[in-house]
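1. The sequence and its predicted three-dimensional model are supplied below.
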Amino acid sequence: MLDRVLVKRSPDFSMRPLEQSFFARPTEMVARQLLGQWLIRQSEDGLTAGVIVETEAYGGPEDLASHARAGRTRRTQPMYGDVGHAYVYLVYGMHECLNVVAYDDARAGAGAVLLRALEPVAGVELMRRRRGRATDPHARLCAGPARLCQAMEVDRSFGAHDLTARERLWLAAPPEQAGPVEIATGPRIGVDYSGEWAARPWRFWIPGHPSVSRR
DNA sequence: CGAATGATACCCT
DNA sequence: GGGTATCATTCGG
């Protein structure tokens, strides 16, 4: 079951990024379909990449678990902006989190998908260096939204960065379309304050995958 | 299990 | 313009 999901092949980095239209759909649909896609980072130090194995959908102002609930502020501006662009924020005063802006304009005026975990597939040693801890098991290098940002060297300077351009940081479909990926759903993490919104099953992950943040 | 750590939003002046 | 409660987490004891 896992073999179908784990990527054993070297990535072909000439592949086309996901198009902007991919992100112009209901946010939770995009969150589902991002599972199995690639996140690729080209930095001066080298190339790192991973397969997305865990996401969460955050809606517009009506979603009390979403940063967009604050309206259009300087911080949340990207959530209301171009789909397919990045929204990066700081939590707990120390951790960066990477989101892709995604929403269906006819239905919602804002939204983003939080990338919570990757299976590392390229540049693993560089990831380890960036993380600064030699003891991280391979599968745990990007297991969590802040670890992901650390290993991929993503910070708030990527705010509003276009993730559909093949430049520095982008999203792409796998070289060959893998078979249908089994998807588990559940409530989003750490949003208990949001009343009935906390119960929505807007967290998506590949069941049993060793790189998912919570087993 | 709980401390670390600081930007953000929001409610005051 | 200033004070402060609130965090979409992680790591070490």
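-> Yep, it's here.
2. The residue most central in space within chain A bridge partners, please.
-> What sits nearest the mean C-alpha location of chain A, by CA atoms, centre = their mean, is A:L115, with 1.9 Å. With DSSP bridges as the criterion, A:L115 is bridged to A:T55.
3. Ok, A:S43 next?
-> Going by DSSP bridges, A:S43 forms beta bridges with A:G46.
4. Is DNA strand B within reach of stretch A:69-88?
-> Yes - Stretch A:69-88 lies within reach of DNA strand B by CB under 7 Å from any atom of the strand, at A:70-71, A:73-76. No exception for glycine: its C-beta is placed from N, CA and C like everyone else's.
5. Give me the buried stretch members for that stretch, please.
-> For stretch A:69-88, a neighbour-count test (16 or more other CB atoms under 10 Å) marks A:69, A:76, A:78-81, A:83-88 as buried.
6. Get me the contact residues on chain A for DNA strand B.
-> Contact residues, chain A versus DNA strand B (CB under 7 Å from any atom of the strand): A:70-71, A:73-76, A:89-94, A:156.
7. switch the cut-off to 10 Å
-> Residues of chain A lying close to DNA strand B by CB under 10 Å from any atom of the strand are A:61, A:67-77, A:79, A:88-95, A:156, A:159.
8. tell me the mean pLDDT over the helix or strand that contains A:V30?
-> Counting by DSSP states H and E, the element that carries A:V30 is helix A:27-34. Helix A:27-34 carries an average pLDDT of 96.
9. related to what we said a few turns ago, go through the buried residues of stretch A:69-88 and say which is closest to DNA strand B.
-> A:T76 (5.1 Å; CB to the nearest atom of the strand).
10. what pLDDT does the closest one get?
-> 95.
11. if I pick it, what's in contact with it?
-> A:67-68, A:70, A:87, A:110 (CB atoms under 8 Å, 6 or more residues apart in numbering).
12. before we move on, the earlier item: which two in the buried residues of stretch A:69-88 are spaced the farthest apart?
-> Based on CB to CB, the longest span within the buried residues of stretch A:69-88 runs between A:R69 and A:G84 and measures 22.2 Å.
13. how about A:A49, secondary structure?
-> strand (DSSP: H, G, I helix; E, B strand; the rest coil).
14. so how far is A:L171 from it?
-> Per CB to CB, to the nearest Å, A:A49 is found 10 Å from A:L171.
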